[in-house]
Every structure is written in structure tokens, then in C-alpha cells.
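**Student:** below: sequence and its predicted model.
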Amino acid sequence: MEKGNGCCFSIMASSATIIIFLIGITLVVCRVLYAMYWSSKPLRKRAPQPVSTLVVLGSGGHTAEMLNLLSVLQKDRFSPRIYIAAATDNMSLQKARLFENSLADETGVRAVKTAQFLQIYRSREVGQSYITSVWTTLLAIVHALQLMIKIRPQVIICNGPGTCIPLCAIAFLFKVIGIRWSSIFYVESIARVKRLSLSGLLLYKLRIADEFFVQWPQLQRKYPRAHYVGCLM
């Protein structure tokens, strides 16, 4: 009799564990879907207060395009600005410092009060093998997580460099678990005329970006959730 009671108790305990597990999985899935749903909706108007803004820079033309974009934004609205680039990309941060110094000359406000400049490990260097890039990608994700926990920006602005993927992914994770709801603005590079970059495609398909902008009308027709804004150069 005691043996039978023991079996029944074991079955009930196993069933309870399975039910709790399924409930947990369901809650996680619902939370992920909730974050994906609201991330793809137009942003609600908020009080005109400054928002801490993470600006992701990239080698090549990415940084030049980003600084052109920032030049037409309301600087006092997107402040303080935190610039981040790959650890091997010193040129981009140098250009960002020159940009902030030029703003400081115009406004009289020291750049150190409105801007920070950080570097992040690159997931994969140009020409690096995919096998060795597994380790560097994991290292980059851990580093990105440390930076995002420290920064917790209200807004993220990016335009295509691979550096933005771990940062945006972690920002989305923070939305899911309720740490910080960061609004992600993605502006596809003007060089992308017929199809999105890999970074853009991932953020678009996974509905991670809150606002997605393209600079060519044919891209907007191909990706209808994107907003056509014309050439920003």
C-alpha cells in the first residue's frame, strides 16, 4: 500500500513539474511575442525630455552616414549620446569626437558632458575563419551584455554595422525581461538599393527594431513595414 502511495506521489510530482515547466515556457513565449508586437508598432509620443542615446558606429561609410544623420537631429533631445564602435575601429570614434567637439564649439557645452565614447569586441574580423569566429562571437556577446547593463540606453540608433546585432539583441532581451525598454531606430545604409544588409534583414524579420527606415522607395515596397525617408546623405 505504501509502495502504491509512493508511486502515485512520484507521478503527481512529475506531472506538477511538467505543468510548471509548460507554464513557464508559455509565459516566456507570450512575453517575447508581446515585445515583438510592440517593437513593430509606431512609437507613442512621450514628454519632450532628453533621452540617453546609444549610437552604433561602423567602418567604411557607416560612420559618415551616421554622423550626417545626427547632424539633423535635435541634439538636446538625444542626449547624452554614447558612441560605440568595434575595438579595432579607432577611426570611427575619432570622427565622433570631432563631431561632438564641433557641436561644443557651436553651443558652448563641453562634449564630455553630452557624449561618451566606448569600444566593443568585434564578433568577426574581416577574413577570419568561421570556426574561430565562434569563440570571438561569444566573447563579443558577453562584452556587449556588460556594456548594455552599464549603459541601459533609452534609444539605440544604428545603420548596419555587424556590431549593432549583439547590442540590439540584448536590448530586446532587456525588453522581454523588463529591465529597460529601449527604442531601436534602424536606418538602412544608402548603399543598400535593392535588398537589405544582413544586419537590417535580421532586425526587420525578427521585429527587433521599433522603427525601420530605408532610403530607396523600391526597398520600402519590398519591405512594407519599413519607412521610406529619402536619401539622407
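**Tutor:** Thanks, I have the structure now.
**Student:** what ranges of this structure fall below the confidence cut-off?
**Tutor:** Within the chain, the ranges that satisfy pLDDT under 70 run 1-16, 20-22, 24, 27-29, 31-47, 107-113, 124-130, 233.
**Student:** would you map the strands across it?
**Tutor:** Assigned by DSSP state E, the chain shows strands spanning 53-56, 81-86, 115-120, 155-158, 183-187, 211-214, 227-228.
**Student:** between the second one and strand 115-120, what angle do the directions make?
**Tutor:** Right, the one you point to is strand 81-86. Comparing the axes of strand 81-86 and strand 115-120 via axes from the mean of the first three to the mean of the last three Cα atoms, to 10 degrees yields an angle of 20 degrees.
**Student:** give me the residues contacting strand 81-86.
**Tutor:** 52-59, 63, 70, 75, 92-93, 96, 100, 114-122, 147, 151, 153, 161, 163, 167 (Cβ atoms under 8 Å, 6 or more residues apart in numbering). The C-beta positions use only the backbone N, C-alpha and C, and glycine is treated the same way.
**Student:** hmm, back to that, I'd like the strands of the chain laid out as JSON lines, including mean neighbour count and distance to residue 198.
**Tutor:** Below are the strands of the chain laid out as JSON lines (neighbours: other Cβ atoms under 10 Å; distance: least, Cβ to Cβ, whole Å):
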{"stretch": "strand 53-56", "mean neighbour count": "26", "distance to residue 198": "15"}
{"stretch": "strand 81-86", "mean neighbour count": "24", "distance to residue 198": "16"}
{"stretch": "strand 115-120", "mean neighbour count": "18", "distance to residue 198": "18"}
{"stretch": "strand 155-158", "mean neighbour count": "23", "distance to residue 198": "13"}
{"stretch": "strand 183-187", "mean neighbour count": "22", "distance to residue 198": "13"}
{"stretch": "strand 211-214", "mean neighbour count": "22", "distance to residue 198": "15"}
{"stretch": "strand 227-228", "mean neighbour count": "13", "distance to residue 198": "20"}
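**Student:** indicate which one of those strands is closest to residue 25.
**Tutor:** In terms of Cβ to Cβ, the element of these nearest to residue 25 is strand 183-187, at 25.7 Å.
**Student:** who's in contact with that closest one?
**Tutor:** The contact list for strand 183-187 (Cβ under 8 Å, 6+ apart) reads 39, 43, 65, 69, 154-159, 164, 168, 171-172, 200, 203-204, 208-213, 215, 229, 232.
**Student:** repeat that with 7 Å
**Tutor:** Identification of contacts with strand 183-187 by Cβ atoms under 7 Å, 6 or more residues apart in numbering yields 43, 69, 154-159, 168, 171, 200, 203, 208-213.
**Student:** can you pull the contacts of the closest residue to residue 145 other than its chain neighbours?
**Tutor:** Leaving aside its chain neighbours, residue 145 sits nearest to residue 170 (5.5 Å; criterion: Cβ to Cβ, 6 or more residues apart in numbering). Counting by Cβ under 7 Å, 6+ apart, residue 170 makes contact with 144, 145, 148.
**Student:** centroid-nearest residue for this protein?
**Tutor:** Taking Cα atoms, centre = their mean, the centroid of the chain lies closest to residue 168, which sits 2.0 Å from it.
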